[in-house]
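**Student:** take this sequence and fold it.
(one chain, ligands or ions: 1)
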Amino acid sequence: MHKSFLAGKIYTGEIYMGNFTGKSVLVTGAGRGIGRGIAMAFAAEGANVVLGYCGNDEAAGKTLSEIEAAGGHAALFKGNVSDSGEVSAMTDFAVKTFGRLDVLVNNAGITRDGLALRMSDEDFDRVIDVNLRGCFLCCRAAGKYMMKQRSGAIVNISSIVGISGNAGQANYAASKAGVIGLTKSLAKEFSAWGIRVNSVAPGFVETDMTGVLSEKLRESMLSSVPLKRPGQPEDIAGAVLFLAGQSASYITGQVLTVDGGMSL
Ligand code: NAD
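**Tutor:** As a prediction, this is how the structure comes out:
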């Protein structure tokens, strides 16, 4: 048994990552950064991927072209995750285009950093609106389809600052802590329909979001990473595919930290 498992497909990725051939996957914020990395990894594993995106048509179009050039299948949907009408339209689109909805990855997110005493109402509300409310709206809309199918996997992208907090990020840390509470609650609610809900908490990942940080802050963050390198979108994608796939079929309501040891 052990021998045949090892001699089988574990090294090809088919068993280890989960086989996503023909599965329908929706990734929000898929035009760039971590979302792009996640979408490309699913497509490389044979999934049909809906690339949810908000602002940048060119970046989203580039991700689509790259997936198609590599022989993958994907489709674009432009919409704002904090608008419930647009979120419903996005999940309807995924089901119409690819026949069902097997995996939802809530990746779309923003920052509006600042010290709490100087933080405007608008900056607080906007971050909660996109990061937490957007995640809820997408889970609710996808959950309706997944319940009918009696199967599905949802992976919500949180952050290590949602676990530990961070000065200058009260709004962002609160939104990401909220994503963890949402994940655990929905894991309990949705389990009756065979739907698993988990979260990934990245540390410092090199994307446009962190590209705005000063060199000094970047160096200080990197100095606290035991693995001595920043994370890349592919590092997060690996954890997301694991949690969405067959290898994690007995895992729900969990938060997987992917931070090179930064939060140890
Ligand atoms: P990014 O800014 O490069 O990408 C975020 C994506 O979300 C963009 O494509 C953007 O268009 C999209 N988006 C923003 N608001 C949206 C909205 N209202 N509706 C739909 N899409 C919207 O950032 P990233 O670094 O790739 O981050 C991806 C996720 O990972 C975010 O949730 C972020 O909070 C989380 N995260 C990132 C890091 C990091 O170090 N980069 C660390 C921890 C967690």
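**Student:** what's the closest non-adjacent residue to the residue of the stretch 51-200 of the chain at minimum distance from the ligand?
**Tutor:** Nearest residue of the stretch 51-200 of the chain to the ligand, counting by Cβ to the nearest ligand atom: residue 109, 2.3 Å away. Where you see a C-beta, it was placed from the backbone N, CA and C, and this is true even at glycine. Using Cβ to Cβ, 6 or more residues apart in numbering and skipping residues adjacent in sequence, the residue nearest residue 109 is residue 131, 4.8 Å away.
**Student:** quick check, the one you found in contact with residue 175.
**Tutor:** Yes - in terms of Cβ atoms under 8 Å, residue 131 counts as a neighbour of residue 175; the distance is 3.6 Å.
**Student:** could you name every residue contacting both of these two?
**Tutor:** Common contact partners of residue 131 and residue 175 (Cβ atoms under 8 Å, 6 or more residues apart in numbering): residue 109.
**Student:** low-confidence stretches in the stretch 1-150 of the chain?
**Tutor:** For the stretch 1-150 of the chain, the stretches with pLDDT under 70 are 1-18.
**Student:** how about the strands in the stretch 101-250 of the chain?
**Tutor:** Applying DSSP state E, counting those that start in this stretch to the stretch 101-250 of the chain gives strands spanning 103-106, 152-157, 195-202.
**Student:** closest to residue 169 out of those?
**Tutor:** Closest to residue 169 of the strands of the stretch 101-250 of the chain, according to Cβ to Cβ: strand 195-202, at 13.8 Å.
**Student:** now the angle between strand 152-157 and that closest one, please.
**Tutor:** 20 degrees (axes from the mean of the first three to the mean of the last three Cα atoms, to 10 degrees).
**Student:** what sits closest to residue 127 if chain neighbours are left out?
**Tutor:** residue 171 (4.0 Å).
**Student:** same deal with residue 206?
**Tutor:** Nearest one to residue 206, counting by Cβ to Cβ, 6+ apart, is residue 230 at 4.6 Å.
**Student:** check residue 253 too.
**Tutor:** In space, residue 253 is closest to residue 187, 3.2 Å off (Cβ to Cβ, 6+ apart).
**Student:** isn't that neighbour up against residue 194?
**Tutor:** No - counting by Cβ under 8 Å, residue 187 does not reach residue 194; the two are 12.0 Å apart.
**Student:** of those two, who's got more company?
**Tutor:** Using other Cβ atoms under 10 Å as the criterion, residue 187 and residue 194 rank with residue 187 on top: 19 against 14.
**Student:** contacts only, for the more buried one.
**Tutor:** Residue 187 sits next to 196-198, 252-253 when contact means Cβ under 8 Å, 6+ apart.
**Student:** neighbour-wise, give me the winner out of those.
**Tutor:** residue 197 (28 neighbours).
**Student:** surely that one and residue 181 touch.
**Tutor:** No - Residue 197 is not in contact with residue 181 according to Cβ under 8 Å; the separation is 11.6 Å.
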